[in-house]
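Novice: Give me a 3D structure for the following:
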Amino acid sequence: MGEEKLSFQTEVSRLLRIVANSLYSEKRIFLRELISNASDACDRLRYEAIVEPALIEDDPEFRVRIELDAAARTISVADNGIGMNRDGLIADLGTIARSGTSAYLDQMSGDAAQDMALIGQFGVGFYSAFMVADRVEVVSRRAGEAQAWRWISEGLGEFTVGEAEREGRGTTVTLHIRDGEDSFLEPATLRAIVKTYSDHIGLPIVLVEGGSEDTVNEASALWARPRSEIADDQYGEFYRHVGHAFDEPWMTIHWRAEGTHEYTTLVFIPSQRPFDLFNPERKHGVKLYVKRVFVTDDCAELIPQWLRFLRGLVDSEDLPLNISREMLQNNPLLARMRTAIVRRVLGELGKKAEAEPGNYAGFWENFGPVLKEGVYEDPENRDEILKLARFHTTAGEDPVGLDAYVERMKEGQEAIYYIAGEDLDAVRRSPQLEGFRARGIEVLLMTDPVDEFWIPAVGTYAEKEFKSATRAGADLADIAVESADGAEKDEETVDQGRVDSVIAMFKLALKDEVKDVRASDRLTDSAACLVADEGDLDINLERLLKQHRQLDTGFKRILEINPKHALIRSLADAVGRDATAQRLSDTAWLVLDQARIMEGERLPDPAAFSRRMCEALARGLRSG
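Specialist: Numbering: from 1, shown residues only. Below is the predicted model:
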C-alpha cells in the first residue's frame, strides 16, 4: 500500500494552531508528554503479555530511548511498547475522540496566559511536539504484527500514512527541530528535562548521543517509595504524567494499606476543573495496577462516578495479574478497596475544610457539583458528603456548611430554606427572597442542576426539613419582620376586604392561567411573584426538565401578590370604583407577565404583553 494523504480532524487542526501560539513558555514539556506516552504503551503491552507471553518473548525488557542527532537536528523518542498499526495511527494521531472538544476550543481567547490555563484542563499530549518541531515522523509496529507504518506531518492540516520498516515492535517519534530551538539539541538540556519531569517513570529512559548510552532516570515506581522520600515537586511531576495535566495538584493522597489485603494508593485532586468534567461519558482518571504492572485505566468499580475528578493509581498486591473485566465487576476485594479509598478521600477533604476553609472553598467551586452527585447516588456516604458541602447564601459572599447554617437559624425557623436557579446573581435578586431577608432568615442559594435531585432524596438534615423558598408552603407568618437594627418591627396592617376584592379581580381576569391567587407573606418590595404549590415540581426543576425535553406540559403556578405594594393598593382603589373595567384585567395580566419575567420564563404571548404595556404607559402619561 502506497502513502496516503489525509486531513486532520477539524478540532486537531485548531488545537495544533493553539499549541504553537499558546505554549511558548512551556516548550520543555514536549519531551515529558512523549515519554509519558511511551511509558503508557509499555504498560499496556506488559499487561497484554500476561495472557499472550509471545508478544514480548523476543524483547522482554521495556525501555524508552531518546536519540539525539544534533547534526541532522532531530530528536527521536522510541519505545518497545504495544505500538500502532495503520488504523491506530489515524485514530490516535489524526483525531481527538473526546466529546466536547469543539466547545472547549471555542473558549480560546488568543490571550496566551488564559489559553494556557484552558489547555491545562484539556491536555495536548503528542501534539506538544509541534511546539519545537516543524515536522514530526512516527514509525510504529504493533506487537504481534509484521508490518510497520509511517505517519508524517508538518502540523498544518494534513498528514500522510504509508508502509514502513521497523525492527521489532513499538513506536519511534522523530522530531525535526525548528530553527531557533537549538537548546533542545544539547544533551545536557534533554538530561535536565528528563530528571525534572520524568524521573519517576518506572522503566529505564536511555539517552543516546554519539556512541554513548546513559540511563537518566531513577526508573522505580514512585508510589512504591515511602512518602518521606518523595518531594512535592516529584509528586507534582508524577501527577502531570499520570493525569496528562498541566496544573499543580491541589491535594495529594498517598498511603499504603497493610494487613489482610495490601495495596498502595496515590491519587491527586487537580487544582483546575477539567473541561469535560460534566460530560456524560466522563470516566475517572485512576489507573489499576497489580504488583506494579498496569492492568487498566477503565475500572468503573474502583472509583465512584462522583469522584471522577481524581487522578492517580491504585496498586494491589493481592489481585491476580490476569484478572478479566468480568472478574473486576464482581470482585469483593475491589469493592473493599473502593470503600476504603472513598472514606480516605472524604476524610482528607474534611481535614482540609476545617484547617483551610478559604482554600477548600476553591476546591468546592471546582468540584462541589460533582461531589454532590454522591449525595444522590451513594446513600452510604451521604452524611459525610453533606458535611463537606458548601453553599452560597443570602447572608454573605462566603460559602457556608450546613452545620453552620443550622447553628444560626432564627428562633421559630423550622426548616432549611433554599432557592434554586441557573445563575447566582439572578437567584440573589429573586423577589421570593424579600420576605426572608426582611425577617433575617438565611436562604441557601442553589445553582447546580444536581441540587434539584439530591434535595428530595435527602429530605432533612439535622432533623430540619429542606424547604424551597419558591413553594407556597414557605410560611413566614410565625417569624417577625426585623427593623434595620435587628429589632422586631411592627407590620403594616392591611384591609382584608380590599385584598380579597383584588384577589377576586385577578382570578376573574386570569381564569385558568394560574392555579390560584393569594396574598403573600414573602414579598416586601415587589408587587407579585410566582410560586409552586405543595406537591408540584419546583419552578427551577420544571425548567431543567423542559430544557432536556423530559417534560412537555408544565404545572400551573400560584400568583402571590403583595397587598402593601403601591400598585396593588392602587388596584384595590380601582376595583372599588369599577371592578369590571378592561384596564384592570389588562393590569392583572401585566402583573402576571412581570412575575414570569422575574422567574426568567418566556412569555406565552409577547405581542399581548407589549400591547398592554403600551396602553398602560399611554394612560399614565395622559393622567400625568
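Novice: low-scoring pLDDT stretches of the stretch 451-600 of the chain, where are they?
Specialist: For the stretch 451-600 of the chain, the stretches with pLDDT under 70 are 472-474, 477, 483-492, 579-580.
Novice: And the strands in it?
Specialist: Using DSSP state E, counting those that start in this stretch, the strands of the stretch 451-600 of the chain run over residues 460-461, 464-468, 516-519, 528-531, 558-561.
Novice: before we move on, what about the stretch 301-450 of the chain?
Specialist: 311-316, 391-393, 396-400, 415-420, 444-446.
Novice: unless I'm mixing things up, Glu615 is touching Ser585, no?
Specialist: No. Glu615 lies out of contact with Ser585 (CB atoms under 8 Å); the separation is 11.6 Å. For glycine as for every other residue, the C-beta is placed from the backbone atoms N, C-alpha and C.
Novice: show me what contacts the spatially most central residue of the chain?
Specialist: Per CA atoms, centre = their mean, the C-alpha nearest to the average position across the chain is that of Leu277, at 3.4 Å. With contact set as CB atoms under 8 Å, 6 or more residues apart in numbering, Leu277 has these partners: Arg308, Phe309, Phe367, Val370.
Novice: Next, format the residues you listed as JSON lines and append distance to Gly358 and pLDDT.
Specialist: Converted to JSON lines, these look like this (distance: CB to CB, whole Å; pLDDT from 0 to 100):
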{"residue": "Arg308", "distance to Gly358": "25", "pLDDT": "93"}
{"residue": "Phe309", "distance to Gly358": "20", "pLDDT": "94"}
{"residue": "Phe367", "distance to Gly358": "16", "pLDDT": "95"}
{"residue": "Val370", "distance to Gly358": "21", "pLDDT": "94"}
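Novice: Please produce JSON lines containing the residues you listed, extended by distance to Leu445.
Specialist: Formatted as JSON lines, the contacts of Leu277 follow (distance: CB to CB, whole Å):
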{"residue": "Arg308", "distance to Leu445": "25"}
{"residue": "Phe309", "distance to Leu445": "23"}
{"residue": "Phe367", "distance to Leu445": "18"}
{"residue": "Val370", "distance to Leu445": "19"}
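Novice: Farthest pair within these?
Specialist: Arg308 and Phe367 (9.4 Å; CB to CB).
Novice: Domain ranges for the protein, per the record?
Specialist: 4-219, 224-360, 496-623 (automatic domain parsing).
Novice: of those domains, which approaches Thr394 most closely?
Specialist: domain 496-623 (12.8 Å).
Novice: For Asp43, what is the enclosing helix or strand?
Specialist: helix 29-51 (DSSP states H and E).
Novice: Look up how far Glu213 lies from Ile205.
Specialist: Ile205 sits at a distance of 11 Å from Glu213 (criterion: CB to CB, to the nearest Å).
Novice: more neighbours, those two?
Specialist: Legend: neighbour count by other CB atoms under 10 Å for Ile205 and Glu213, higher for Ile205 (27 against 12).
Novice: dump the residue contacts of that one.
Specialist: Ile35, Arg63, Val64, Arg65, Ile66, Val194, Ser198, Thr215, Val216, Asn217, Ala219.
Novice: Any chance of those in CSV with secondary structure, distance to Val314 and pLDDT as columns?
Specialist: Formatted as CSV, these follow (DSSP: H, G, I helix; E, B strand; the rest coil; distance: CB to CB, whole Å; pLDDT from 0 to 100):
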residue, secondary structure, distance to Val314, pLDDT
Ile35, helix, 23, 92
Arg63, coil, 25, 95
Val64, strand, 24, 96
Arg65, strand, 30, 96
Ile66, strand, 30, 97
Val194, helix, 26, 91
Ser198, coil, 22, 86
Thr215, strand, 28, 93
Val216, coil, 28, 92
Asn217, coil, 23, 89
Ala219, coil, 21, 78
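Novice: Which among these count as buried?
Specialist: Ile35, Arg63, Val64, Arg65, Ile66, Val194, Ser198, Val216, Asn217, Ala219 (16 or more other CB atoms under 10 Å).
Novice: And those residues, which is closest to Tyr289?
Specialist: Ala219 (16.0 Å).
Novice: ok, the residue nearest to the centre of the chain to Arg471 distance?
Specialist: Taken as CB to CB, the span from Leu277 to Arg471 is 31 Å.
Novice: what's the answer for Glu560, then?
Specialist: 11 Å.
Novice: for Asp605, same thing?
Specialist: 27 Å.
Novice: Make CSV out of the contacts of Ile205 and add distance to Ser526.
Specialist: Shown next, in CSV, are these (distance: CB to CB, whole Å):
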residue, distance to Ser526
Ile35, 62
Arg63, 71
Val64, 67
Arg65, 72
Ile66, 68
Val194, 65
Ser198, 61
Thr215, 73
Val216, 69
Asn217, 66
Ala219, 69
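Novice: which among the residues you listed gets closest to Leu185?
Specialist: Once CB to CB is applied, the member of the contacts of Ile205 that ends up nearest Leu185 is Ile66, at 12.1 Å.
Novice: my guess is the closest one meets Leu190, correct?
Specialist: Yes. If you go by CB under 8 Å, Ile66 and Leu190 touch, sitting 6.1 Å apart.
Novice: Now the common contact residues for the two.
Specialist: Common neighbours of Ile66 and Leu190 (CB under 8 Å, 6+ apart) are Leu31, Ile75, Leu207.
Novice: Backbone dihedrals for the last one, both of them.
Specialist: In terms of degrees, to the nearest 10, the main-chain angles of Leu207 are phi -100, psi 120.
Novice: residue boundaries of the helices in the stretch 501-624 of the chain?
Specialist: Counting by DSSP state H, counting those that start in this stretch, the stretch 501-624 of the chain has helices at residues 539-547, 566-577, 582-598, 606-623.
Novice: May I see the ones you listed arranged in JSON lines, with mean neighbour count and distance to Glu414 as well?
Specialist: Output for these, formatted as JSON lines (neighbours: other CB atoms under 10 Å; distance: least, CB to CB, whole Å):
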{"stretch": "helix 539-547", "mean neighbour count": "18", "distance to Glu414": "22"}
{"stretch": "helix 566-577", "mean neighbour count": "15", "distance to Glu414": "29"}
{"stretch": "helix 582-598", "mean neighbour count": "19", "distance to Glu414": "27"}
{"stretch": "helix 606-623", "mean neighbour count": "12", "distance to Glu414": "39"}
